[in-house]
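Q: Using only what follows, build the 3D model:
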Amino acid sequence: MPRFSANLGFLWTELSLPEAIHAAKKAGFEAVECHFPYDVASASSVATALEETGLEMLGINTRLGINGPDDFGVMAMPGRESEARGYVEEAIAYAAEIKCRNINCVPGKTGGAEEAEVVFRENLAFACKKATENGIGIVIEPVNQRDAPGYHFSLVEKGLETIRAVGAENLKLMFDCYHTQIMQGDLTKRLEMALPYIGHVQFAAVPDRGEPDSGEVNYPYLLTALDDMGWQGFVGAEYRPRGKTDEGLGWMSEYR
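A: Below is the predicted model of the structure:
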């Protein structure tokens, strides 16, 4: 089965980020990832925790924007290119200090407008060039319209279209099984189709986004299929615990 990464944007949120990294190590995760570390922990404190635990930080996100969740990102927002590129540079500086593998460039709620896609591609080209200089990857993630109405893109195929158009070697797809199941389903075939472009995989139960041990997706089957496809990366546990994080980790032993 795949190696698992703990998404600390949702897991152990009662702890500081460095403490959560240690908790993930204790729980048996082999890597970590998070959302927006900038205002909650210094890069130096996170780097220290990663060094102490031997875990790798797989990903962080660019900021949501000056309007927070109402923006849900600005990388595809016309007229806000300066803000978007400032967030890219901030994320790269933070990621470089903690040796983070990827940065998720969050596009925002644009309704998928054609003008917004032009801006998205231009900003991604900028991000990929800057990230390459630091050995960092860029990922983009389809997000479902139920949780984020108006989000710039929600289909795997649309993400692949953007990736091909930008044409940067370090631009990949974040394949979140939760979002894709809600929007499209047919996860095994979509993973197989997108595999050459995938930079990271995440999962959670559908529809409640809880621990991946119930719901409408048969994850033991799906992750076995992912193994059979030759996936060598991690699978990120990006779920909202139904109770305390430690109490809901039984799924990990079952998968192993």
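
Q: ok, which stretches of this protein are strands?
A: Per DSSP state E, the chain carries strands over the ranges 3-7, 31-33, 56-57, 59-61, 102-104, 137-140, 171-176, 198-203, 234-237.

Q: Nearest to residue 79 among those would be which one?
A: Distances from residue 79 to each of the strands of the chain were compared by CB to CB, and the smallest falls on strand 137-140, at 20.3 Å. Glycine gets a C-beta too; all of them are placed from N, C-alpha and C.

Q: What helices and strands are in contact with the closest one?
A: Counting by 3 or more CB pairs under 8 Å, 6 or more residues apart in numbering; DSSP states H and E, the packing neighbours recorded for strand 137-140 are strand 102-104, helix 114-132, helix 156-166, strand 171-176, strand 198-203.

Q: Paired strands for that strand, with orientation please.
A: The strands that strand 137-140 pairs with in its sheet are strand 102-104 (parallel), strand 171-176 (parallel) (by DSSP bridges).

Q: Centre of the chain to it, how far?
A: What separates the centre of strand 137-140 from the centre of its chain is 9 Å, taken as CA atoms, centre = their mean, to the nearest Å.

Q: Stretch 192-211 now?
A: 10 Å.

Q: What residues sit buried inside that stretch?
A: Of the residues in stretch 192-211, those buried by neighbour count under the rule 16 or more other CB atoms under 10 Å are 194, 197-206, 209-211.

Q: so how far is the first residue of it from its last?
A: This stretch, stretch 192-211, spans 24 Å end to end (CA to CA, to the nearest Å).

Q: What mean pLDDT does that stretch get?
A: The average of the pLDDT scores along stretch 192-211 is 98.

Q: what helices or strands is the one helix or strand in the chain whose mean pLDDT sits lowest leaning on?
A: Among the secondary structure pieces of the chain, namely its helices and strands, helix 250-255 has the lowest mean (mean pLDDT, DSSP states H and E), a mean of 88. Using 3+ CB pairs under 8 Å, 6+ apart as the contact criterion, the neighbours of helix 250-255 among helices and strands are helix 219-229.

Q: The helix it packs on to strand 198-203, inter-axis angle?
A: If you take axes from the mean of the first three to the mean of the last three CA atoms, to 10 degrees, helix 219-229 sits at 160 degrees to strand 198-203.

Q: For helix 219-229, give me every contacting residue.
A: 1-2, 177, 187-188, 191-192, 195, 201, 203, 212-213, 235, 254-255 (CB atoms under 8 Å, 6 or more residues apart in numbering).
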